[in-house]
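Enquirer: Quick one: sequence and predicted model below, then my questions.
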Amino acid sequence: MAYEDLRAFIAALEKAGELKRIAVEADPVLEIAEIADRVSKRGGPALLFENVKGSRMPLLINAFGSRRRMALALEVDSVEEVAGHLRELLHTKPPEGLIDKLKMVPRLIEVGSYLPKKVKQGPACEVVKEKDFSLFDLPALQCWPLDAGRYITFGAVFSRDPESGRQNCGLYRMQLYDERTTGMHWQIHKQGADHFRRSAQAATNGRMAVAVAIGTDPAVTFSAIAPLPPDVDEILFAGFLRSKPVEMMPCRTVELEVPATAEIILEGYVELEERRREGPFGDHTGFYSLADDYPVFHVTCMTHRRDPIYSTTIVGRPPMEDCHMGYAIERIFLPLMQLQLPEIVDIHMPFEGVFHNLMLVSIRKAYPGHARKVMNAIWSLGQAMFTKCVVVVDEDVNVQDPAEVVWKTLNNIDPERDIQFVLGPVDSLDHSSRLPNFGSKMGVDATRKWPSEGFTRPWPEELRMDPRVKALVDGKWDQLGL
Ligand SMILES: Cc1cc2nc3c(=O)[nH]c(=O)nc-3n(C[C@H](O)[C@H](O)[C@H](O)COP(=O)(O)O)c2cc1C
Ligand SMILES: [Mn+2]
């Protein structure tokens, strides 16, 4: 059964022994971050702070912060199951005969049944505040000492495409400026920024409606960070993940729909002309991302449950909570990549690469230059375009084992011949690129080189012991006293 809301997920975490309640008072300014960081680094549980200094709301953090909790969030034993389900759906052949058509019906119904369900209202608007409220009622964290202030770090931001009218939902951090305004840190490549840009092109002075949901059911939170293609509805994807439609209710003061079972909703607008300094902020990279100018979110209404739970996360040097969400993305999006690139056997993004810095890819190499074709394809595939370094290996290399990849790659490459640089868009958080958002990327062709690629020397065999000798030693092993 799908989790109705964040609370149902919290209950499941607690039942699984994956949640620790903390009654001791803790300060949302730095202290909670330090506690969560230590727990993250030790592979510890989700934390529910019940006594947050200066706020009446309990605070949840690290709820997705392990492989097991990520699976619990998606209600599976392993996120591979979700990939399997997606693969099945994607490989449904167009029906041929009548029998095939009949077999398709349940599948089509299944997809149709994930569509968001409109409801008039929900628990998220049990309390409606248009006048007397302050964003500082929320226990928003200051995560790192040089952060520009306190930030809402786990809000799902909703906006509407000015032309198609479709909604987008992306997770972007929000710096608290005062009681009613925050930064709106949608980076230039993201869909919120696209809506904003196109709204501004249509009308130079005016406003764009924005709503933010904090504390949504875990499928919605995960969908908000998932690198879905533009115009694929995150809420439909969440419905697919939880095998049940997400209930969406209209906002009170703006024309947007938000998850009806969220803990807290912020409604408001961004001015199309306005920008304000945002950051610095201690980021996923383990460094502070630099301050820059971003739109400003003016909050006109806050609604919440009678007893809201504030949900948040911190980012920083890996491993952190977001790494486990990144791993789920790696597994779940592999079938989608393979739809375009069936030669891909597996991919892996080690935590240390912070999502975009390193992708290890194994392929079934079929023609000269195949590895380079795959690199170029990855650089043109949605948010994978940010991948700073792509390493392509043959199918016999296990990319889930970075040590094996390093060993084989460094043996296999003639660097000048096998490394390729390209220029293009890079992640906004990259502090090393020559310009913000623009820089170079590197592809390493670590596949075995072929004569048809100009490599005419013999390629050596990999060391492997004779199986007969292995069996012999197995038989003697106990006597060896080793
Ligand atoms: C904890 C966390 C914080 C994030 N903060 C931001 C952010 O501040 N700005 C941003 O553009 N993306 C941020 N992201 C990444 C986006 O959520 C992600 O790229 C998402 O796919 C964007 O959706 P969109 O394509 O619909 O815009 C964050 C991701 C995580 C896990
Ligand atoms: Mn999107």
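Expert: Structure received. Ligands and ions are numbered 1, 2, ... in the order given.

Enquirer: what's around residue 192, how many residues?
Expert: Residues within reach of residue 192, counting by other C-beta atoms under 10 Å, total 23. Just so you know, the C-beta spots here come from the backbone N, C-alpha and C atoms, and that holds for glycine as well.

Enquirer: There's contact between it and residue 174 in this structure, I believe.
Expert: No. Residue 192 lies out of contact with residue 174 (C-beta atoms under 8 Å); the separation is 11.2 Å.

Enquirer: Wasn't residue 424 part of a helix?
Expert: No. Looking at residue 424 with DSSP: H, G, I helix; E, B strand; the rest coil, it is strand, so not inside a helix.

Enquirer: which residues does it contact?
Expert: Residues in contact with residue 424 (C-beta atoms under 8 Å, 6 or more residues apart in numbering) are 379, 385, 438-441.

Enquirer: now those: which count as buried?
Expert: 379, 385, 439, 441 (16 or more other C-beta atoms under 10 Å).

Enquirer: So residue 447 versus residue 400, what's the distance?
Expert: 18 Å (C-beta to C-beta, to the nearest Å).

Enquirer: neighbour count winner among these two?
Expert: Per other C-beta under 10 Å, whichever of residue 447 and residue 400 has more neighbours is residue 447, with 24 against 14.

Enquirer: and the stretch 351-482 of the chain, which residues reach ligand 1?
Expert: residue 383 (C-beta under 6 Å from any ligand atom).

Enquirer: ranges for the helices of the stretch 351-482 of the chain?
Expert: Using DSSP state H, counting those that start in this stretch, the helices of the stretch 351-482 of the chain run over 370-378, 402-412, 415-418, 467-480.

Enquirer: in stretch 74-89, what's buried?
Expert: 74-76, 79, 82-83, 85-86.

Enquirer: Output those residues as CSV; include the columns secondary structure, pLDDT and distance to residue 467.
Expert: Shown next, in CSV, are the buried residues of stretch 74-89 (DSSP: H, G, I helix; E, B strand; the rest coil; pLDDT from 0 to 100; distance: C-beta to C-beta, whole Å):
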residue, secondary structure, pLDDT, distance to residue 467
74, coil, 98, 41
75, coil, 98, 43
76, coil, 98, 38
79, coil, 97, 36
82, helix, 96, 38
83, helix, 95, 34
85, helix, 91, 39
86, helix, 90, 39
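
Enquirer: Please render the residues you listed as JSON lines that adds distance to ligand 2 to the earlier fields.
Expert: Formatted as JSON lines, the buried residues of stretch 74-89 follow (distance: C-beta to the ion, whole Å):
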{"residue": "74", "distance to ligand 2": "19"}
{"residue": "75", "distance to ligand 2": "23"}
{"residue": "76", "distance to ligand 2": "23"}
{"residue": "79", "distance to ligand 2": "20"}
{"residue": "82", "distance to ligand 2": "18"}
{"residue": "83", "distance to ligand 2": "20"}
{"residue": "85", "distance to ligand 2": "21"}
{"residue": "86", "distance to ligand 2": "17"}
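
Enquirer: Just give me the closest of those to residue 271.
Expert: Of all the buried residues of stretch 74-89, residue 271 sits closest to residue 74, with 37.4 Å by C-beta to C-beta.

Enquirer: Looks like the closest one contacts residue 328 (just checking).
Expert: Yes. With contact defined as C-beta under 8 Å, residue 74 reaches residue 328; the gap is 7.1 Å.

Enquirer: what residues are shared contacts of the two?
Expert: Counting by C-beta under 8 Å, 6+ apart, the contacts common to residue 74 and residue 328 are 82, 222.

Enquirer: what is in contact with residue 192 and residue 174 at once?
Expert: Contact criterion C-beta under 8 Å, 6+ apart; residues shared by residue 192 and residue 174: 157, 184.

Enquirer: Run through the residues that contact the residue of the stretch 301-450 of the chain found nearest ligand 1.
Expert: Nearest to ligand 1 in the stretch 301-450 of the chain, going by C-beta to the nearest ligand atom, is residue 322, at a distance of 4.3 Å. Applying C-beta under 8 Å, 6+ apart, we find residue 322 in contact with 64, 225, 284, 313, 315.

Enquirer: Take those and lay them out in CSV including neighbour count, distance to residue 301 and pLDDT.
Expert: What follows is these, written out as CSV (neighbours: other C-beta atoms under 10 Å; distance: C-beta to C-beta, whole Å; pLDDT from 0 to 100):
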residue, neighbour count, distance to residue 301, pLDDT
64, 26, 28, 98
225, 21, 25, 98
284, 20, 31, 97
313, 24, 25, 98
315, 24, 28, 98
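
Enquirer: Return the subset of the residues you listed lying in helices.
Expert: Of the positions in the contacts of residue 322, residue 225 sit in helices, assigned by DSSP state H.

Enquirer: Surely the residue of the stretch 301-450 of the chain closest to ligand 1 is in a helix?
Expert: Yes. Assessed by three-state DSSP, residue 322 belongs to a helix.

Enquirer: And stretch 359-379, end to end?
Expert: End-to-end distance for stretch 359-379, by C-alpha to C-alpha, to the nearest Å: 11 Å.

Enquirer: Near ligand 2, which residues of this protein are found?
Expert: Contact residues, the chain versus ligand 2 (C-beta under 5 Å from the ion): 168, 191.

Enquirer: near ligand 1, which residues of the chain?
Expert: By the rule C-beta under 6 Å from any ligand atom, the part of the chain lying against ligand 1 is 153, 168, 170-173, 185-187, 190-192, 225-227, 313, 315, 322, 325, 383.

Enquirer: which residues touch residue 188?
Expert: 428, 437.
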